[in-house]
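Visitor: I'll drop the sequence and a predicted model, then ask my questions.
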Amino acid sequence: MEANAFDAGMSRLKKRFVQTHYERHDRLEDLAVTLQQPNPPASAAQEVESILHKIAGTAGSVGFKELGEAAQQVEVFIRDHAASNQAAIVKVLDAFLDVSLEFCDPIEKLMPQSAGDGFSAMAGTTH
């Protein structure tokens with residue numbers, strides 16, 4: 001019975017992570033646009049780094065190791081290059097967003113959809 005409770009709990013955590021990840025992905029897309037503007041605010045790169053840190057810290061814990069590793073690599077790159085190479089940051093962030101989309105699409109199809117689970121409303125949407 002403990003295994004079933006663990007599996008149910010892990011399923012809820014994964015579902016919550018995926019729901020949150022969609023929001024984070026959308027915000028990262030907005031920030032990528034901001035970073036492409038002349039003289040973007042330093043806070044934009046800081047927010048990107050913060051979001052990536054959250055993804056890196058939680059993705060592996062719920063079974064999405066590759067996504068977490070990708071987020072960590074981009075986070076470190078941004079931290080190391082934030083002041084010196086804005087174009088490279090945008091390019092690396094765009095590459096992460098591609099990885100993120102590859103993650104989002106199959107997960108959305110695999111997650112059970114029922115009323116009130118938060119996924120029914122997302123079915124058929126594109127992120």
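Guide: Good, I have the coordinates.
Visitor: in this protein, where's the longest helix?
Guide: helix 2-35 (DSSP state H).
Visitor: buried ones in that helix?
Guide: For helix 2-35, the neighbour count (16 or more other C-beta atoms under 10 Å) marks 14-15, 17-18, 21-22, 24-25, 28-29, 31-32, 34-35 as buried. From N, CA and C alone the C-beta is placed, and that goes for glycine too.
Visitor: any stretches of this protein with poor pLDDT?
Guide: Low-confidence segments of the chain (pLDDT under 70): 1, 105-127.
Visitor: show me where the protein has its helices.
Guide: 2-35, 42-59, 65-81, 86-110.
Visitor: report the angle between the second one and helix 2-35.
Guide: When axes from the mean of the first three to the mean of the last three C-alpha atoms, to 10 degrees is applied, the directions of helix 42-59 and helix 2-35 differ by 160 degrees.
Visitor: from the middle of its chain, how far away would helix 42-59 be?
Guide: Centre-to-centre, helix 42-59 and its host chain are 9 Å apart (C-alpha atoms, centre = their mean, to the nearest Å).
Visitor: now swap in the first one and tell me
Guide: Taking the mean of its C-alpha atoms, helix 2-35 sits 7 Å from the chain's own mean (C-alpha atoms, centre = their mean).
Visitor: same for it, what does it pack against?
Guide: Where contact means 3 or more C-beta pairs under 8 Å, 6 or more residues apart in numbering; DSSP states H and E, helix 2-35 is packed against helix 42-59, helix 86-110.
Visitor: would you mind finding the most buried of the ones you listed?
Guide: helix 42-59 (a mean of 18; mean count of other C-beta atoms under 10 Å).
Visitor: got the contact list for it?
Guide: Applying C-beta atoms under 8 Å, 6 or more residues apart in numbering, the contact partners of helix 42-59 are 17, 21, 24, 27-28, 31-32, 34-35, 65, 67-69, 71-72, 74-75, 78-79, 82, 89, 93, 96.
Visitor: repeat that for stretch 83-102.
Guide: 21, 25, 28-29, 31-32, 35-36, 40, 45, 48, 52, 66-67, 70-71, 74, 77-78, 81-82, 127.
Visitor: again, only using 7 Å
Guide: Contact with stretch 83-102 is made by 25, 28-29, 32, 35-36, 45, 48, 67, 70-71, 74, 77-78, 81-82, 127, as judged by C-beta atoms under 7 Å, 6 or more residues apart in numbering.
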